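Trainee: Provided below for reference: sequence and predicted model.
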Amino acid sequence: MEQSLDFRMCLPLLTSRDASILAYGKALSYWHVHHQFCGFCGHKSLAYEGRHIRRCQNENCHKESYPRTDPAVIMLVEYQPENGPAKCLLAQHHKISSQVVSTLAGFVDPGESLEEAVIREVQEEAGIEVSDVTYMASQP
Ligand SMILES: [Zn+2]
């Protein structure tokens, strides 16, 4: 029986470039499996341009579609009390029964900046108002 691992389990073992290529391949494969029909007219679409584009096969449509991206934010919420060391907020996912904790994260809503997404996600997930959101870096 073939077993597969969540590709995120492999990420610590990969270079940044290899992780990027793996993420791209996974996203493209997922997109092709789940977007086989035109979003405009419902006809079958096929892959073109080295599988980077799908094109509707309806002669009256021929709309092209591209892989979507889902921007997300991962944030470390820090608190510096007047006395004592700085603290950070970690959370345990409510659907996962393990001792693993992580920083908060979430998807960016349409029309929302990355900083606004951080403020909203921390409020939604932890009920905490944050300010002074600082962008640090991006990753694929
Ligand atoms: Zn179409």
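Mentor: Good, I have the coordinates.

Trainee: go through stretch 119-136 and flag the buried ones.
Mentor: For stretch 119-136, burial by neighbour count (16 or more other Cβ atoms under 10 Å) applies to 119-122, 125, 130, 133. Backbone N, C-alpha and C define where each C-beta goes, glycine included.

Trainee: try stretch 58-66
Mentor: Buried, per 16+ other Cβ under 10 Å, within stretch 58-66: residue 65.

Trainee: check whether that stretch contacts the ion.
Mentor: Yes - counting by Cβ under 5 Å from the ion, the ion has neighbours in stretch 58-66: 58, 61, 63.

Trainee: again, but for stretch 32-51
Mentor: Yes - using Cβ under 5 Å from the ion, stretch 32-51 reaches the ion at 38, 40-41, 43.

Trainee: residues in contact with that stretch: which ones?
Mentor: For stretch 32-51, contacts defined as Cβ atoms under 8 Å, 6 or more residues apart in numbering pick out 28, 53-58, 60-61, 63-65.

Trainee: tell me the pLDDT at residue 12?
Mentor: Reading off the confidence values, residue 12 has pLDDT 83.

Trainee: what of residue 91?
Mentor: 91.

Trainee: i'd like the first residue to be 509 from this point on
Mentor: Got it, first residue is 509 now, which makes that one residue 599.

Trainee: count of neighbours near it?
Mentor: Applying other Cβ atoms under 10 Å, we find 14 residues neighbouring residue 599.

Trainee: and this protein, what are its domains?
Mentor: For the chain, automatic domain parsing gives the domain ranges 516-573, 580-634.

Trainee: ends of the longest one, what's the gap?
Mentor: Right, domain 516-573. Using Cα to Cα, to the nearest Å, one end of domain 516-573 lies 27 Å from the other.

Trainee: how near is residue 516 to residue 644?
Mentor: Remark: distance between residue 516 and residue 644 (Cβ to Cβ, to the nearest Å) = 20 Å.
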